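[1] I'd like to go over a predicted model; first the sequence, then the structure.
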Amino acid sequence: MKQKEIEISIKDVEIKYLQTHPDHRGFFRELIRSSDPFFKATNDSNPSGFMQWSHSKMGKNTVKAWHFHHKQIDWWYIGLGVFDVHLIDNREESPTYRKHMNFKLGDAENDAHEAIVKIPQGVLHGGKVTTNFAHLFYITSEIYDPKDEGRLPFNSKDIGVDWGNEDELIVAPNDTKEFIPSYERAIL
């Protein structure tokens, strides 16, 4: 049964649904082409959209949140497992300011979407692993710069996402801090 599409309620967030071609060996799945409309140039100095590709393996109940960027765009894909994704528009000038999207990326047999999500600058992003583990593969439009990785605490009362029993969560110390980049955010 085909899953219902993710409702896009935040301006500039895009979803690319993937096609999986299974056979007796496993499967083949094409992820991104440089010609994909959602993977176009982000500025004159970066015509491809691509600057870095990263991989994060996370255990069950790992929460990564809340991150945002002033320069960088992220493209997330879950290769194995399931990640319960939350996006919140934190751009005051946006017509979708404060809108919240929640969906699962990962294995379709676990009721998740086999898709890639494009997360623009200024959109808070986070998620929780709901399977034994999950592999997050992500491309960024900029080379990692800690001065561009804004953060709000994962349990911020201002955001109000309930991740479950905090005693059972796995959270990095950086995800308990607040940091706002000191320069202006790029506006798409």
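    Looks like it arrived, so ask away. Numbers count the residues shown, from 1 in each chain.

[2] just the pLDDT for the residue positioned nearest the centre of the chain.
    A centroid search over the chain (Cα atoms, centre = their mean) returns Trp76, at 4.7 Å, as the residue closest to the centre. With respect to pLDDT, Trp76 scores 97.

[3] run through the bridge partners of it.
    Assessed by DSSP bridges, Trp76 has beta-bridge partners Val117, Tyr138.

[4] that one touches His113, doesn't it?
    No - using Cβ atoms under 8 Å, Trp76 makes no contact with His113, being 11.1 Å away. (C-beta placed from N, C-alpha, C; glycine too.)

[5] need the overlap of contacts for the two.
    Shared contacts of Trp76 and His113 (Cβ atoms under 8 Å, 6 or more residues apart in numbering): Leu105.

[6] how close does the residue nearest to the centre of the chain sit to Pro22?
    Distance, Trp76 to Pro22, using Cβ to Cβ, to the nearest Å: 23 Å.

[7] how about low-confidence regions in this structure?
    For the chain, the stretches with pLDDT under 70 are 1-3, 41-48, 188.

[8] mind listing the strands for it?
    For the chain, the strands defined by DSSP state E cover 14-17, 20-23, 26-29, 52-59, 63-69, 74-80, 82-89, 100-106, 115-119, 123-129, 133-140, 149-151.

[9] now those as CSV including distance to Val171?
    Formatted as CSV, the strands of the chain follow (distance: least, Cβ to Cβ, whole Å):
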stretch, distance to Val171
strand 14-17, 27
strand 20-23, 32
strand 26-29, 30
strand 52-59, 11
strand 63-69, 5
strand 74-80, 19
strand 82-89, 14
strand 100-106, 19
strand 115-119, 20
strand 123-129, 10
strand 133-140, 15
strand 149-151, 12
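
[10] the residue nearest to the centre of the chain and Glu149: what is the separation?
    Here Trp76 is placed at a distance of 15 Å from Glu149 (Cβ to Cβ).
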